[in-house]
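*Asks:* quick one, what's the 3D model for this:
(chains A, B, C and D)
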There are 2 protein chains.
Amino acid sequence: MVTEREFLDDYDPRAYPAVAVTVDVVTLTIRDGVLHVLLVERGEQPFAGCLALPGGFVREETLDEAALRELAEETGILPRVHLEQLATFGGPGRDPRMRVVSVAYLAFAPRLPDPTVGGDAAAARWVPVDDATDLAFDHDAILAAGLERARAKLEYTPLATAFVGEEFTIAQLRGVYTAVWGEEPHAGNFHRKVLSVPGFIEATGSTTQRGGERGGPRSKLYRAGDARILHPALLRPSSEERR
Amino acid sequence: MVTEREFLDDYDPRAYPAVAVTVDVVTLTIRDGVLHVLLVERGEQPFAGCLALPGGFVREETLDEAALRELAEETGILPRVHLEQLATFGGPGRDPRMRVVSVAYLAFAPRLPDPTVGGDAAAARWVPVDDATDLAFDHDAILAAGLERARAKLEYTPLATAFVGEEFTIAQLRGVYTAVWGEEPHAGNFHRKVLSVPGFIEATGSTTQRGGERGGPRSKLYRAGDARILHPALLRPSSEERR
DNA sequence: AGAGTCATTCTCAGCTTGAGTTAATCTCAT
DNA sequence: ATGAGATTAACTCAAGCTGAGAATGACTCT
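*Replies:* Take a look at the predicted model:
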């Protein structure tokens, strides 16, 4: 990570401005069909009163462990979360106090209870992503990067299954795509597609106890398959508009 | 990037083991049809004599600037390089001397002259990626991540054009895919495909002065189009084997 | 001149996709 | 109870894309 010569020439901790390394976590979940992100309210300057992504200093642990620890501290306990590194933000001036390099993580969780307030932050809560603006520091950019990553990964990975419970219906899975993409896939084609992609989902053999709230037959239940990537991919309807 | 409370509680630079932040750059190019990576030879312990990725400390600059600077120091001058952040590696124990968090970058360059030795490193050189094993620190893992990213991005971005010159033939572009994927796409289908994806390449109107070295007609010349993503994507032949 | 190479264009069958339709199964309000 | 409306699941069909192979010339080298 550094050439020896430069290490010897330059290495003197006191000669450098202190650099802090933190992790920030973009945690996404779906509540009532709407994509939410976990935010904490800052109590002090700078950005007092602003909402921010949960995060904190990295200790004697790997970066992944730090992200998982921060998340657990904010929300109590996190079962079955998918966690992956998103990107690192480290320009000078991100934090007015000192140089802070922040490794951002992205987490996906099935619907969880409201965060325990006994955690690290004064107040942690789920906020619909559309309302999550004017965050502290450069957290708007971090959130935007997380959302774009999530949207893209729904296409070619079985990530959507991380948002639903152990057993789920195809309609619930479709709801994940609708919430994240902001657009509803064609129900019939979606059904055909998720069943045809090998390893995406597998039938449990049972069905729901009742039909939908407003009627309809009982739907079959599925669980996540063992595929790590989807092939062929599920392309989002709006992909023509991108360019 | 950090809650205020934790910042106040924990922040004391001397109370923390010093953390260094560096950038390491995986620079890929194609020479004689073979994918190469830029490596430097370490002169000192640890890993003296080992090959390593070029990199160094982050100064008063953004992370992107640091990566670009390190690259320029190693190779002289870098025109037209594509540079993107890859991932951050920061577990304890990566470097036996101190905690080092390294932000890895991925760069793609058209064929360049051999690196100027007047740069930062004692000896920088291009090494075929298949020979780039047993690197210092965890650079094997960083390189592997860079290669996988490069292979994936060839599918859905016009990245391949970053490996060739301003003007290029479709065969040269195919050569990029062959070198990176390790598998030659079907020539006819590749030709049809790159021409049909909107914004990938555009004809310049001219042709090469001569045919190929071993015969064949003169080929038309193209330049990169303005698309940022390819739609539909160019899938690698081996994608069925993944799973 | 002849052999071999290679860019480019076609053909064609198979597969996937988008859009719409149909049948059967339920819930809810009347 | 009964009908209206909703929903799952399955089917149809045309259009587009893909992989594989082959044909056509334009070149270079011997």
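*Asks:* okay, buried residues for the lengthiest strand in chain A please.
*Replies:* Criterion DSSP state E: the longest strand present in chain A is strand A:19-31. Neighbour-count burial for strand A:19-31 flags A:19, A:20, A:21, A:22, A:23, A:24, A:25, A:26, A:27, A:28, A:29, A:30 (criterion: 16 or more other C-beta atoms under 10 Å in any protein chain shown). (C-beta placed from N, C-alpha, C; glycine too.)
*Asks:* residue boundaries of the strands in chain A?
*Replies:* For chain A, applying DSSP E gives strands covering A:19-31, A:34-41, A:51-52, A:55-57, A:82-89, A:99-108, A:124-128, A:201-207, A:220-224.
*Asks:* could you tell me the end-to-end distance of stretch A:194-209?
*Replies:* One end of stretch A:194-209 to the other measures 22 Å (C-alpha to C-alpha, to the nearest Å).
*Asks:* check whether that stretch comes near chain B.
*Replies:* Yes: under the criterion of C-beta under 8 Å from any C-beta of the partner chain, chain B is reached by stretch A:194-209 at A:198, A:199.
*Asks:* how about residues contacting that stretch?
*Replies:* With contact meaning C-beta atoms under 8 Å, 6 or more residues apart in numbering or on different chains, stretch A:194-209 is reached by A:158, A:161, A:167, A:169-170, A:173, A:218-227, A:230-232, A:234, B:243.
*Asks:* can you tell me which of the buried residues of strand A:19-31 is nearest DNA strand D?
*Replies:* Nearest to DNA strand D, judged by C-beta to the nearest atom of the strand, of the buried residues of strand A:19-31 is residue A:30 at 15.3 Å.
*Asks:* my read: the closest one touches residue A:176, true?
*Replies:* Yes: using C-beta atoms under 8 Å, residue A:30 makes contact with residue A:176 at a distance of 6.1 Å.
*Asks:* between those two, what contacts are shared?
*Replies:* By C-beta under 8 Å, 6+ apart, the residues touching both residue A:30 and residue A:176 are residue A:163.
*Asks:* count of residues packed around the closest residue in space to residue A:60 that isn't next to it in sequence?
*Replies:* The shortest distance from residue A:60 to any non-neighbouring residue, by C-beta to C-beta, 6 or more residues apart in numbering or on different chains, is to residue B:92 (5.6 Å). By the criterion of other C-beta atoms under 10 Å in any protein chain shown, residue B:92 has 17 neighbours.
*Asks:* hmm, stretch A:151-168 touching chain B?
*Replies:* No: Stretch A:151-168 does not reach chain B (C-beta under 8 Å from any C-beta); its nearest approach is 9.1 Å.
*Asks:* chain center to that stretch, what's the gap?
*Replies:* Relative to its parent chain, stretch A:151-168 has a centroid offset of 11 Å by C-alpha atoms, centre = their mean, to the nearest Å.
*Asks:* ok, now stretch A:217-230?
*Replies:* Using C-alpha atoms, centre = their mean, the offset of stretch A:217-230 from its chain centre is 21 Å.
*Asks:* tell me the backbone dihedrals of residue A:232, please.
*Replies:* Dihedral angles of residue A:232 (phi, psi; degrees, to the nearest 10) stand at phi -70, psi 160.
*Asks:* ok, for it, nearest residue in space, not its chain neighbours?
*Replies:* Using C-beta to C-beta, 6+ apart, the closest residue to residue A:232 is residue A:197 (7.0 Å).
*Asks:* and the one you found, how many neighbours?
*Replies:* 18.
*Asks:* what about chain A, any weak spots by pLDDT?
*Replies:* Judged by pLDDT under 70, chain A has its weakly predicted residues at A:1-17, A:76-79, A:115-122, A:238-243.
*Asks:* for the residue nearest the centre of it, give its distance to chain B.
*Replies:* Centroid-nearest residue in chain A: residue A:107, 3.2 Å away (criterion: C-alpha atoms, centre = their mean). Separation of residue A:107 from chain B (C-beta to the nearest C-beta, to the nearest Å): 16 Å.
*Asks:* what sits against that residue?
*Replies:* So residue A:107 contacts A:25, A:26, A:27, A:28, A:67, A:71, A:78, A:81, A:82, A:83, A:84 (C-beta under 8 Å, 6+ apart).
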